[in-house]
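Visitor: sequence and computational prediction follow.
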Amino acid sequence: MTLLEARDVRVEFTSRGRRARAVDGVNLAVGEGEIVALVGESGCGKTTLARTLLGLERPTSGSVRYGGVPLAYSSRALRAHRREVQLVLQDPTGSLNPRHTVYEAVAEGPRIHRLPGEGDLVAEALSRAGLRPPERFFDRHPHELSGGQRQRVVIAGALALEPRVLVADEPVASLDASVRGEILALLLRLRAELGLSALVVTHDLGLAWNIADRVAVMYLGRIVESGPVERILTSPSHPYTRALLSVLPESPSPVVLGGEPPDPTRIPAGCRFHPRCQVLASGAAAEAGVDGLCASGELPVLPSSAGSQVACHHASASARREARTETEAERL
Amino acid sequence: MTLLELRDLAVTYRSAAGDVPAVRGVSLGLEAGEALGVAGESGSGKSTLAMSLLRLLPRGASVSGEILLDGEDVLTMSWGRLRAVRWASASLVFQGAQHALNPVRRIGDQIAEPLRVHGMATGAEARRRVAELLEQVGLPAWRARGYPHELSGGQRQRVMIAMALACSPRLIVADEPTTALDVMIQAQVLSLIRSLIAEHGIGLVMISHDLSVLASTCDRLAVMYAGRVVESGPSREVFAGGRHPYSRALAEAFPTVGDPASRIAPRGLGGDPPDPAHLPAGCSFHPRCPVSLVSCASEPVELRAVGDGTGAPHTAACVHVSEESR
C-alpha cells in the first residue's frame, strides 16, 4: 500500500529573475515497509523533492499525499505530517547542537509534540538506533562521540516520534567507509523491526544496491527511469542510468558524459537529457529514426507505478520493435 | 632513482593533553610515472602523511624519519630550498577546492602565481601558459578572466589541478581530490588525472577513504590504519584479494553493483576508527577484527611478505599471513 506519494509535483524557484524548475513534474510513491532510493547528480532536484515530501517546501502545482490524503499546509497539519514522516540529515556534526546532550537532542521532537513519557521514548529510540545501553549516552555531548555514533543519535532523534517513514538525505556520505555499512544495516533493521519505510536520497548507486527495493533516477527535475533495483541497476534502459553505472570505479567501459550537471533555469526542449546523451551522439538514435523526437518531442511524466519504466524515445522505440518481432515470431 | 621515498616517517602532534602519534613509522616508495593510492579513514594519519611530504604541518607537529624527494631529504632542507621545491618539484591538490581558491582574485592570476613566484614566467608568457594549462584540464582559456564563484565544483577542482601542474612538477600529492564531487564529475576528474600522469610521467600520491576509487586510478595501494601501513601491494591484489582484514572491510564497504552477495546486505565493521591518542595495545586493529587471535591483543604485527615473493611486492601486517606461508 502506498504511504507517501508525490503526485505530478512541480516546484519552481525564482533566482536572479530567472525561473528555475527544480522539480518539473514528478510522480513518486513510497509503499509501506518499502525502501526507495532517489538517485541523481547535484542540482537534479532530488533534495527539493525530498523537502517537498516532508512538507518543508510547498509544491507550485501537484500534491503530496500521505495515506492517500493530500497534505494541507496549515501549521497543525504540517506538525502532524512531520510526526509521521521524519528527516535524517546528511551531516550529523552539523545537524546536532554541540551544546546539547544526547538526551536533549533526542528529546527535542517529543517535547515539541508534547508527547507523554519523554524519558522512555528517548531511551527506546537510542537503543533502537543501536546506542546501548541508552542511559550511558544520555549525558554525552556530540564532541565525545564518533561520527557513526553521532549519525545514530540523529536517527534516534527521528525515531523518537515513532514515524512511519524516514526521509534520509545522503545518510552515509559524511561517514567513514567502515562505519557506512553499519548505518545502512541499521536502516534495514528498522524496516524489519518497525515496518518503517524510507526514501533515501543519494548520488551513490552502491547504496541503492545495498539497501533499496526500488530506485528512481532523477535528471533535471524529472524521474527518467524507475523500477526494482535488480532490474534497473543490472539492465538499465535509460542512457543516463547507463552512464551513471558505467562510471562506477569497477566498471570496464566508462561513458563519461561531457559538461556539468545542467541548469534547471534552462531546461532543453524535447528530451531534457538529449544535449548530453551518448546514444543520440553515437547516431544510434538516428538509426532508430527517433533523433528528431529526442530534440523536440516532449516525453510524458512517468506514473508512480512500481514496475520498471523509462522516459526515453530511443528505449521506447526499441521496446516497440522487440514487441513487434515477438508477435511476428508468434505468428510464424 | 626513486622519485619519492619515505623511510620510517613518524609524525606526532604535541598538545596540552599529551602527545598524539598520527603517523607511526611509514616506509613507502614511488617511481616517476607511477600512481600510489593511500587509503584510510579519519584518524588513520593519511592526511597528516600528505601534508608532511611538503612540510606543511602545523608547528606543534614533530616529524622524524626521512622524506627523500629525488634523493634529497625534504625534512632537513633549508627554507629557501623548500620554497623552490614546493610547486616546482612537488605540488598539492587539496580536498574542497571551494575553500582553497581565493574568491576575490581572477582564476588566471591564481594559476599564474606559482609561475611568478618561481620566476618561471611573467606577463604575456604567463598568460599563454595559463591558457595552455586551462586547456589541459579541459576548461576554455577565457575562464582565466573569471572568478571562482562562476565555476561549478568540478571546474574549481580542475583549476586546482591546473595550478598544481603550473610549474611542471615531478610529483603531485592529491588529498581526496574528488570527495564532494558528483559521480559523473568525479569520473571526469579521475580520467583527467590518469591521462596527465600517463602523458607527463608525473608521480602521483592520491589519498582517499574510497578504496574502489583508488584501485581504479592507482598502480599500487597502501592501506593505513592508526598511523601505520597495514597492507601495501598492487592495486588489483589489495582491492580484490586483500590479506589484511581491514583492507577487506574497506573494499566491501563500497559494493559492486550487480554482485548478488552485497544485495540487501550492506557490510561494515563494528566499532569505530581508533582515537590516535588512545591506541589499543598489540595490533591496533584487534578490537574491531573479525578474525583476531588472543595474541593480537598484546603482540604488535609488522608487515610481512605475502605470496612466494616472485610477483610485485605485496605485504600485510596480519598474524594470519605468516601462518599461511609456513
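Guide: Received it, and whenever you're ready, just let me know what you need.

Visitor: for B:Leu214, list the residues it contacts.
Guide: Residues counted as contacts of B:Leu214 (CB atoms under 8 Å, 6 or more residues apart in numbering or on different chains) are B:Gly37, B:Val38, B:Ala39, B:Met206, B:Ser208, B:Leu221, B:Ser235, B:Phe239. Backbone N, C-alpha and C define where each C-beta goes, glycine included.

Visitor: and it, what element?
Guide: Secondary-structure assignment from DSSP states H and E places B:Leu214 in helix B:211-217.

Visitor: report the mean confidence score over that helix.
Guide: Per-region confidence: helix B:211-217 scores 91 on mean pLDDT.

Visitor: and the next helix or strand past that helix?
Guide: Downstream of helix B:211-217, the first helix or strand assigned by DSSP H and E is strand B:220-225.

Visitor: for that following strand, which strands pair with it and how are they oriented?
Guide: The pairing partners recorded for strand B:220-225 under DSSP bridges are strand B:35-39 (parallel), strand B:228-234 (antiparallel).

Visitor: centre of the chain to the shortest one, how far?
Guide: Taking CA atoms, centre = their mean, to the nearest Å, the mean C-alpha location of strand B:35-39 is offset from the chain mean by 5 Å.

Visitor: quick one on the thing from earlier: now the helix holding B:Leu214, how far from the chain's geometric center?
Guide: Relative to the mean C-alpha coordinate of its chain, helix B:211-217 is positioned 11 Å out (CA atoms, centre = their mean).

Visitor: same question, stretch A:120-138
Guide: Taking mean C-alpha positions (CA atoms, centre = their mean), stretch A:120-138 and its chain are 28 Å apart.

Visitor: need the helices for the stretch 1-150 of chain B, in chain order.
Guide: B:46-52, B:79-85, B:97-100, B:107-117, B:123-136 (DSSP state H, counting those that start in this stretch).

Visitor: winner for burial among those helices?
Guide: Looking across the helices of the stretch 1-150 of chain B with neighbours counted as mean count of other CB atoms under 10 Å in any protein chain shown, the highest average goes to helix B:46-52: a mean of 23.

Visitor: picking up where we left off before, which one of the helices of the stretch 1-150 of chain B lies nearest to chain A?
Guide: Each of the helices of the stretch 1-150 of chain B has some distance to chain A by CB to the nearest CB; the shortest is helix B:46-52, at 11.7 Å.

Visitor: rewinding a little: okay if I get the strands paired with strand B:220-225 as a markdown table plus mean pLDDT and mean neighbour count?
Guide: Conversion of the strands paired with strand B:220-225 to a markdown table gives the following (pLDDT from 0 to 100; neighbours: other CB atoms under 10 Å in any protein chain shown):
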| stretch | mean pLDDT | mean neighbour count |
| --- | --- | --- |
| strand B:35-39 | 96 | 26 |
| strand B:228-234 | 96 | 25 |
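
Visitor: so which bits of the stretch 51-200 of chain B are right by chain A?
Guide: On the criterion CB under 8 Å from any CB of the partner chain, chain A has as its neighbours in the stretch 51-200 of chain B the residues B:Ser152, B:Gly153, B:Gly154, B:Gln155, B:Asp182, B:Val183, B:Met184, B:Ile185, B:Gln186, B:Ala187, B:Gln188, B:Ser191.

Visitor: surely the fifth one is in contact with B:Gly154?
Guide: Yes. Assessed by CB atoms under 8 Å, B:Asp182 is found in contact with B:Gly154 at 7.3 Å.

Visitor: mind checking the SS state of whatever residue of chain A ends up closest to chain B?
Guide: Closest approach between chain A and chain B, counting by CB to the nearest CB: A:Gly181, at 2.3 Å. Each residue gets one of three states, and A:Gly181 gets helix by DSSP: H, G, I helix; E, B strand; the rest coil.

Visitor: do you know which of the strands paired with strand B:220-225 lies nearest A:Leu71?
Guide: Shortest distance between A:Leu71 and the strands paired with strand B:220-225, using CB to CB, is found for strand B:35-39: 44.9 Å.

Visitor: just for the stretch 151-300 of chain A, where's the confidence low?
Guide: Low-confidence segments of the stretch 151-300 of chain A, defined by pLDDT under 70, span residues A:259-261.

Visitor: now the helices for it?
Guide: Secondary structure of the stretch 151-300 of chain A by DSSP H, counting those that start in this stretch: the helices cover A:177-194, A:205-211, A:229-234, A:239-246, A:278-281, A:284-287, A:291-296.

Visitor: and the third one with chain B, contact?
Guide: Yes. Under the criterion of CB under 8 Å from any CB, helix A:229-234 makes contact with chain B via A:Val229, A:Glu230, A:Leu233, A:Thr234.

Visitor: neighbours around the third one, how many?
Guide: So that's A:Leu233. Neighbour count of A:Leu233, defined by other CB atoms under 10 Å in any protein chain shown: 25.

Visitor: from chain B, which residue is nearest to chain A?
Guide: Checked against chain A (CB to the nearest CB), the nearest residue in chain B is B:Gly268, 2.3 Å away.

Visitor: show me the contacts for residue 237.
Guide: With no chain named, the answer covers chain A. When the contact criterion is CB under 8 Å, 6+ apart, the partners of A:Ser237 are A:Glu225, A:Ser308, A:Val310, A:Cys312, A:Ala315, A:Ala319.

Visitor: think we crossed wires, I meant chain B
Guide: Contacts here follow CB under 8 Å, 6+ apart; on that basis B:Glu237 touches B:Val306, B:Ala312, B:His314.

Visitor: list only buried entries from the residues you listed.
Guide: Among the contacts of B:Glu237, the ones that count as buried by 16 or more other CB atoms under 10 Å in any protein chain shown are B:Val306, B:His314.

Visitor: hang on, the earlier thing: and the residue of chain A closest to chain B, what does it touch?
Guide: If you count contacts by CB under 8 Å, 6+ apart, A:Gly181 has them with A:Asn210, B:Glu252, B:Ala253, B:Pro266, B:Arg267, B:Gly268, B:Leu269.

Visitor: out of those residues, who's nearest B:Ala50?
Guide: Relative to B:Ala50, and with distances defined as CB to CB, the nearest of the contacts of A:Gly181 is B:Ala253, at 21.2 Å.

Visitor: look up the closest residue to that closest one, ignoring the ones flanking it.
Guide: Once its chain neighbours are removed from consideration, B:Ala253 has its nearest residue in A:Ala177; the separation is 4.2 Å (CB to CB, 6 or more residues apart in numbering or on different chains).

Visitor: with A:Ser296 instead?
Guide: Ranked by CB to CB, 6+ apart and with sequence neighbours excluded, the top spatial neighbour of A:Ser296 is A:Gly270, at 4.5 Å.

Visitor: which phi and psi does the one you found have?
Guide: Reported as degrees, to the nearest 10, the phi and psi values for A:Gly270 are phi 70, psi -140.

Visitor: same deal with the one 3 residues further on?
Guide: Comment: the main-chain dihedrals of A:Phe273 come out as phi -90, psi -10, following degrees, to the nearest 10.

Visitor: and it, how many neighbours?
Guide: Using other CB under 10 Å, A:Phe273 is surrounded by 25 other residues.

Visitor: do the same with B:Glu252
Guide: B:Glu252 is flanked by 22 other residues according to other CB under 10 Å.

Visitor: which strands and helices sit next to whichever helix or strand it is part of?
Guide: Secondary-structure assignment from DSSP H and E places B:Glu252 in helix B:245-253. Taking 3 or more CB pairs under 8 Å, 6 or more residues apart in numbering or on different chains; DSSP states H and E as the contact definition, the neighbouring helices and strands of helix B:245-253 are helix A:177-194, helix B:211-217, strand B:220-225, strand B:228-234, helix B:235-240.
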